[in-house]
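[1] Give me a model of this one.
(2 chains)
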Amino acid sequence: MRLLLGISSVTILMLGAACSRRPPQPVVKGPATVPAAIVEVSGGKQVSTVGTPLDLPLVIQVNDAQGVAVAGAPVWFHGANGVAFEPSSGVTGSDGQFTFAATMGTVAGLYKIAALTTGVAGKTIELRIEERALGFEQNQGRQLSDLYCARCHDPESTAERVSNHDNLVAQAHAFSDGAFLNKMSDADLVSIIQHGGPALGKSAEMPPYGHTLSKSDILALAAYIRAVADPPNQSREALYAQK
Amino acid sequence: MATRNSLGSIRRKLFGDSARAFGTLGVVLLLLLAIVPARDYFREWYRLQKGYLRLIHGRDDAITLQRRFQGGVHQTWIPALNVVDRCGSCHVAMKEVSLSGAIAQPFRPHPTVPHSLDEFGCVLCHRGQGVATTTEEAHRSTLAGEEPIIPARYFESSCGQCHLDKPTGTPRLNTGRNLLARYGCAHCHTIDLPYGARIMPTDDPPPLEHIAEKTTREWIYAWIKNPQAYSTAATMPNFQLKDDDARDISAFLISQSTPVAGAAPQSAASTPATPATPDAAILQAGASAYGESFCASCHAIQNTAGLLVGGNVGPELTRAGTKLKPDWLRQWVRNPKVYDPKTAMPHYRFDDKQLSLIAGFLGNKTDSDFLANVHLEPATAQQIAHGRLLVTEMGCATCHDINGVHHPDNFAPDLTNVGSRPLAKIVFFQGMPRTLPAYVEAKIRQPRKFGAALKMPQFTLSTTEVDDLVTALLAQTDRARAIPASLHVAGRTASNYDPAGQAGRLMHDLNCFSCHSINGRGGDMAPDLTWEGSSVQRDWLFKFFKNPNTLRPALIRRMPKFNLTDQEANTLTDYIMTVYQTPAFDRESVQPASDAPSIEEGRQLFYSKYACQACHIVDPQKDKGYVGPTLTQVGSRLNAAWIFQWLKAPQSLRPGTLEPDWQMSDADATSLTAFLVAQKGSGKTREAKRR
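    Have a look, this model is predicted:
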């Protein structure tokens, strides 16, 4: 009961805040239909850097039980370990969507951001969005990966870089392919970067980088590969979810 | 009286005889001695250290961790760096890698970084107050104007105190320093780096001495009011001019303009006002000529979706027809050096047909809305005088050459030490956080909020760009100047290499340095040519100058065809073949085997052991890789010695090249060279784009 009171008072406060920002508009009386679910529209699973905002804004949508967008539903966010939101709460627009920016905390790892709203009888509805924040070493690995690895390992082309992925006989695994890469040990990962595919009995199309990159570069690359694995690499990854 | 009596009795009880006095003094001494440990007991670090011991208590490796743990205040003193850190008193587990991910701050181990914590300490990178022993003082001491811990998003600024090179680990710092140069910050502000380096502007603002030949007063007016309305990619900032001021400045700029010496006389009706639309076929041919000349390597044009397509070396051309007078445009495309001898644009040798097509295509890029609301009366002498005053006061001449206005020195505050600016010297505006990073950010983001009369203009920057710039500026600390030379990592030193003679003049005319780098001078858009003479064959180079073809259709940026005469192409080819040679090996040092078994062995190595086809194409029917250049005609293009040395150690010939260093044996390199030299192709030369 106290929880209910708390949530409803938070809701009222937030509605009040939302209304005070737009005084000419008629007073919003709360959502026309009752929210039943929050869905992610875009912005999930981004790879960012510790202490910096995500590149793309997060967009969520509040739906009712029939899957129809709910306008005017209150939404707010939670994130552990110093995740900050801008704005940190608000009310969904006429399309039932809400756009916000998130700044990652200062510790590298997987962040589970919670977007919340109130449903039937004040029940809190929650959506977990996963984002990753890279630390220094992983970021270094990301730079090296963009330069040396992405041409073959990233199947997506960009304006500046055409992917060579489909030109290979061997299948280069995307670094986000956690299902495959998590099964490789750290030693194997370092070894294949250092000595090339044949070191693990794989294709020679993966060349050796042991004389091109320094040992610390290769470790940084491995750290990056572990950090972007999806599903997450449990052995390496610290999980910073909501407490 | 009674009090006196009781005091006297107490004194007698405690100090009545020597044994009592001795005992009492002993107790007092003991109490005094207990103050020190008792005081420590209530310290924050003591509580945290106890907390740490509790945290590790149940772990498997608790004994090892406990053995390595030492209580008390820990201090790192590095006199050479002026570092005194006591951070380790609370951050006791900085080196306990086994705890990563398991324990929260302040007990998280330090992530792997390229530097040793013992050699560099903490505050050099993290800032903050190293000698403090409480969380608040160490991390957030801003009241006394001391440095707080640097926010994570600006963290790379600390690297910039020593690193003037561009390490891969500091993309934000590198971009920030580039932006300081690219947005022309360094025109007005002096930004000295340690050890004599200095950030130099790279934005190349156009001279305005002949501006009336180029454009109209109406365009100048609209442009200076809001440059980004004309071109979203414009680097010129918005000076937030009043209508009258913009009117007077445009009047002055037109009035000071002089005719260009040696230019073809302008026809009387030289206005850009909506030229008769040429028919679609001619426009299409113009678009093709624009594409074939690779104008898009440097210039961008908005496509129908509103996205900019092309490079950002030269100005955006989406609305060029609204800006440029047709005669000027024709003259510029014919030879830009006549108008601006310092321009980065090459002097193409276009024939009259190409000239008409390209000038027609660009002249038709108009936007009638841009000047729709600009109606200016003829300027009065008073307006011109006022415009001149404004131009002088606002420092237009720090960037642009303007007749009769001197280039002012030290126009804006020196930013060399901005990263150490004491808070006491900073005027904050109401409601902003009182920290240095917040101040620098606000100064860039909304400079006029610090005072409407300030001269600093409003730049159009993304959030990321602002963060990058703040990062680069926060690296400008006093500490950076005091760091010993042994720790200082120098960047690429500016080279004043300047080829002379006939070939040198040609290279200036064609502006080779806008894209290519030679002996440390020039751009990075195209391959470094310092050792080009050791790399390629003379015939190939000559044909390439006459008709540059590419091996990589996916690249937008390519070498344009300049329509060089045979004599010009020969001059350049001879110069490059003779002068740009590496001292590392002799061009004639490798005579490749041409017998079938050697070539076949090379083929085997190419396709199986080294799997070169993953990135290169030798047989267009079969191979698909296009990370590296196509090798179908490599035998007609490259020198055998270069191929051999390249296979042995590519990075020694071209630092940073993507080709992995194979440490190939001489035998393998010899066979592969034989195979590659045998790839003569169809005889048609192709360009080699190596990046």
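
[2] CA atoms for contacts and neighbours, from now on please.
    Noted.

[3] how many neighbours does residue B:443 have?
    Residues within reach of residue B:443, counting by other C-alpha atoms under 10 Å in any protein chain shown, total 17.

[4] Counting by contacts, list what the helix or strand it falls within packs against.
    Using DSSP states H and E, residue B:443 maps to helix B:436-445. Using 3 or more C-alpha pairs under 8 Å, 6 or more residues apart in numbering or on different chains; DSSP states H and E, the elements in contact with helix B:436-445 are helix B:463-474.

[5] gap between the helix it packs on and the chain center?
    11 Å (C-alpha atoms, centre = their mean, to the nearest Å).

[6] Stretch B:59-75 too?
    44 Å.

[7] List the contacts of that stretch.
    The list of residues contacting stretch B:59-75 from outside it, by C-alpha atoms under 8 Å, 6 or more residues apart in numbering or on different chains, reads B:45-46, B:49, B:53, B:56, B:84-89, B:92, B:96.

[8] element containing residue B:673, please.
    Following DSSP H and E, one finds residue B:673 within helix B:666-677.

[9] May I have the secondary structure class of the closest residue to residue B:151 other than its chain neighbours?
    Leaving aside its chain neighbours, residue B:151 sits nearest to residue A:51 (7.4 Å; criterion: C-alpha to C-alpha, 6 or more residues apart in numbering or on different chains). Secondary structure, DSSP: H, G, I helix; E, B strand; the rest coil: residue A:51 is coil.

[10] Just want the phi and psi numbers for the residue nearest the centre of chain B.
    By C-alpha atoms, centre = their mean, chain B has its centre lying nearest to residue B:178, at 2.6 Å. Here the main-chain torsion angles of residue B:178 (degrees, to the nearest 10) amount to phi -60, psi -40.

[11] Excluding covalently adjacent residues, which one is nearest to residue B:599?
    Nearest non-adjacent residue to residue B:599, counting by C-alpha to C-alpha, 6+ apart: residue B:675, 4.4 Å away.

[12] whoops, residue B:631 was the one
    For residue B:631, the spatially nearest residue (C-alpha to C-alpha, 6+ apart) is residue B:618, at 5.0 Å.

[13] who touches residue B:616 in this structure?
    Contacts of residue B:616 (C-alpha under 8 Å, 6+ apart): B:623, B:624, B:625, B:626, B:627, B:628, B:629, B:630, B:631.

[14] Minimum pLDDT in those residues, which residue is that?
    Lowest pLDDT among the contacts of residue B:616: residue B:626, with 81.

[15] and the gap between it and chain A?
    7 Å (C-alpha to the nearest C-alpha, to the nearest Å).

[16] give the contact list for that residue.
    Taking C-alpha under 8 Å, 6+ apart, one finds A:164, B:552, B:614, B:615, B:616, B:617 in contact with residue B:626.

[17] Just flag the most distant two among those.
    B:552 and B:614 (15.1 Å; C-alpha to C-alpha).

[18] in chain A, which spans are strands?
    With DSSP state E, the ranges of strands along chain A come out as A:35-42, A:47-49, A:58-64, A:74-78, A:84-86, A:89-91, A:97-103, A:109-118, A:124-134, A:239-240.

[19] for those, which one sits closest to residue B:186?
    Once the strands of chain A are compared by C-alpha to C-alpha, strand A:47-49 is nearest, at 28.6 Å.

[20] Give me the mean pLDDT for the closest one.
    Per-residue pLDDT over strand A:47-49 has a mean of 87.

[21] Contacts for that strand next, please.
    With C-alpha under 8 Å, 6+ apart as the test, strand A:47-49 has contacts from A:54, A:55, A:104, A:108, A:131, A:132, A:133, A:134, A:135, A:139, A:228.

[22] Which one of those is nearest to residue B:576?
    Closest to residue B:576, out of all of the contacts of strand A:47-49 and judged by C-alpha to C-alpha, is residue A:139, at 40.0 Å.

[23] about what we covered before: would you turn the strands of chain A into JSON lines with mean neighbour count and distance to residue B:447?
    Below are the strands of chain A laid out as JSON lines (neighbours: other C-alpha atoms under 10 Å in any protein chain shown; distance: least, C-alpha to C-alpha, whole Å):
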{"stretch": "strand A:35-42", "mean neighbour count": "20", "distance to residue B:447": "34"}
{"stretch": "strand A:47-49", "mean neighbour count": "22", "distance to residue B:447": "28"}
{"stretch": "strand A:58-64", "mean neighbour count": "22", "distance to residue B:447": "29"}
{"stretch": "strand A:74-78", "mean neighbour count": "23", "distance to residue B:447": "32"}
{"stretch": "strand A:84-86", "mean neighbour count": "17", "distance to residue B:447": "23"}
{"stretch": "strand A:89-91", "mean neighbour count": "24", "distance to residue B:447": "29"}
{"stretch": "strand A:97-103", "mean neighbour count": "21", "distance to residue B:447": "24"}
{"stretch": "strand A:109-118", "mean neighbour count": "23", "distance to residue B:447": "34"}
{"stretch": "strand A:124-134", "mean neighbour count": "20", "distance to residue B:447": "31"}
{"stretch": "strand A:239-240", "mean neighbour count": "17", "distance to residue B:447": "38"}
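
[24] Lowest mean pLDDT across the ones you listed, which one is that?
    Per-segment mean pLDDT for these reaches its minimum on strand A:239-240, at a mean of 38.

[25] For the stretch 401-550 of chain B, which residue gets nearest to chain A?
    Going by C-alpha to the nearest C-alpha, chain A is nearest to residue B:464 of the stretch 401-550 of chain B, at 8.6 Å.

[26] what sits against the residue nearest to residue B:151?
    A:103, A:104, A:105, A:106, A:107, B:151, B:152, B:153.

[27] ok, it to residue A:143 distance?
    Here the criterion is C-alpha to C-alpha, to the nearest Å. By it, residue A:51 lies 18 Å from residue A:143.

[28] now swap in residue B:137 and tell me
    Counting by C-alpha to C-alpha, the separation of residue B:137 from residue A:143 is 35 Å.

[29] same deal with residue B:74?
    Noted for residue B:74: a distance of 36 Å to residue A:143, by C-alpha to C-alpha.

[30] The two: which has the busier surroundings?
    residue A:143 (19 against 16).

[31] Now do the contacts for the more buried one.
    By C-alpha under 8 Å, 6+ apart, the residues touching residue A:143 are B:168, B:169.

[32] And the pLDDT for it?
    Value listed for residue A:143 in the pLDDT field: 89.

[33] next one: residue B:263
    At residue B:263, the pLDDT value in this model is 59.

[34] Residue A:26 too?
    41.

[35] do residue B:94 as well
    Value for residue B:94, per-residue pLDDT: 88.

[36] re earlier: tell me what angle the helix holding residue B:443 forms with helix B:463-474.
    If you take axes from the mean of the first three to the mean of the last three C-alpha atoms, to 10 degrees, helix B:436-445 sits at 120 degrees to helix B:463-474.

[37] so how far does stretch B:390-405 reach from one end to the other?
    Stretch B:390-405 end-to-end distance (C-alpha to C-alpha) = 11 Å.

[38] quick one, strands of the stretch 301-450 of chain B?
    Counting by DSSP state E, counting those that start in this stretch, one finds strands in the stretch 301-450 of chain B at the ranges B:308-310.

[39] The residue nearest to residue B:599 contacts residue B:605, doesn't it?
    No. Using C-alpha atoms under 8 Å, residue B:675 is not in contact with residue B:605; the gap is 9.3 Å.

[40] more crowded one of those two?
    More crowded of residue B:675 and residue B:605, by other C-alpha under 10 Å: residue B:675, with 26 against 18.

[41] wait, what's in contact with the more buried one?
    So residue B:675 contacts B:598, B:599, B:600, B:601, B:602, B:603 (C-alpha under 8 Å, 6+ apart).

[42] how about these in TSV, adding neighbour count, secondary structure and pLDDT?
    Below are the contacts of residue B:675 laid out as TSV (neighbours: other C-alpha atoms under 10 Å in any protein chain shown; DSSP: H, G, I helix; E, B strand; the rest coil; pLDDT from 0 to 100):
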residue	neighbour count	secondary structure	pLDDT
B:598	18	helix	90
B:599	23	helix	92
B:600	15	helix	93
B:601	16	helix	93
B:602	23	helix	93
B:603	20	helix	93
